[in-house]
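Chemist: need coordinates for the below:
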Amino acid sequence: MVEYLSSSLDPVFHALGDATRRAMLRQLAQSPRSVTELAAPHDMSLAAASKHIKVLESAGLISREVQGRTHTCRLNAAPLASAQEWLSYYEKFWTSRLDALEALLKAEDAAKAKPKSKPQPKSK
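Modeler: Next up is the predicted model:
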């Protein structure tokens with residue numbers, strides 16, 4: 001299942017690999033925005049913002065609606081659910097590893113807390 005999803009997830013993880021695009025997704029999670037509004041918090045031209053938006057679109061993370069000269073972008077979170085599903089496999093892996101480490105450390109602490117018995121003096 002993990003390998004099946006990975007080919008469709010490549011563009012999603014590529015899109016998420018850039019801080020500007022992640023910030024744009026966060027903005028879109030609040031409400032639809034124009035390209036101008038998405039570019040505003042970043043020190044970039046509208047052309048540069050448009051390139052980031054095209055990457056997000058190709059990953060299926062956003063949709064764009066054009067009304068006259070205004071391009072309005074909306075979040076499509078479905079591909080993020082697929083990414084979360086893929087990541088959950090590794091979350092289970094790390095959780096089991098951390099649980100094993102916790103058990104080992106607790107056993108070590110318990111062994112240190114046991115009072116050591118004093119050796120009995122030898123009788124002559």
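
Chemist: just the strands from this protein, written as ranges.
Modeler: 33-34, 62-67, 70-75 (DSSP state E).

Chemist: among these, which comes closest to Pro11?
Modeler: With C-beta to C-beta as the measure, strand 62-67 is the member of these nearest Pro11 (12.1 Å). The C-beta positions use only the backbone N, C-alpha and C, and glycine is treated the same way.

Chemist: so for the closest one, what gets flagged as buried?
Modeler: Ile62, Arg64 (16 or more other C-beta atoms under 10 Å).

Chemist: stretch 80-93 too?
Modeler: Buried, per 16+ other C-beta under 10 Å, within stretch 80-93: Leu80, Ala83, Trp86.

Chemist: number of nearby residues for Ser50?
Modeler: By the criterion of other C-beta atoms under 10 Å, Ser50 has 15 neighbours.

Chemist: low pLDDT regions in this protein?
Modeler: Applying pLDDT under 70 to the chain picks out residues 1-6, 115-121, 123-124.

Chemist: which residues in it form helices?
Modeler: 2-16, 19-30, 35-39, 46-58, 78-113 (DSSP state H).

Chemist: quick revisit: including distance to Met44, could the strands of the chain go into JSON lines?
Modeler: Formatted as JSON lines, the strands of the chain follow (distance: least, C-beta to C-beta, whole Å):
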{"stretch": "strand 33-34", "distance to Met44": "15"}
{"stretch": "strand 62-67", "distance to Met44": "17"}
{"stretch": "strand 70-75", "distance to Met44": "15"}
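
Chemist: quick one: closest of these to Lys112.
Modeler: Of all those, strand 70-75 comes closest under C-beta to C-beta, at 51.8 Å.

Chemist: and that closest one, what does it pack onto?
Modeler: With contacts taken as 3 or more C-beta pairs under 8 Å, 6 or more residues apart in numbering; DSSP states H and E, strand 70-75 sits against helix 19-30, strand 33-34, helix 35-39, helix 46-58, strand 62-67.
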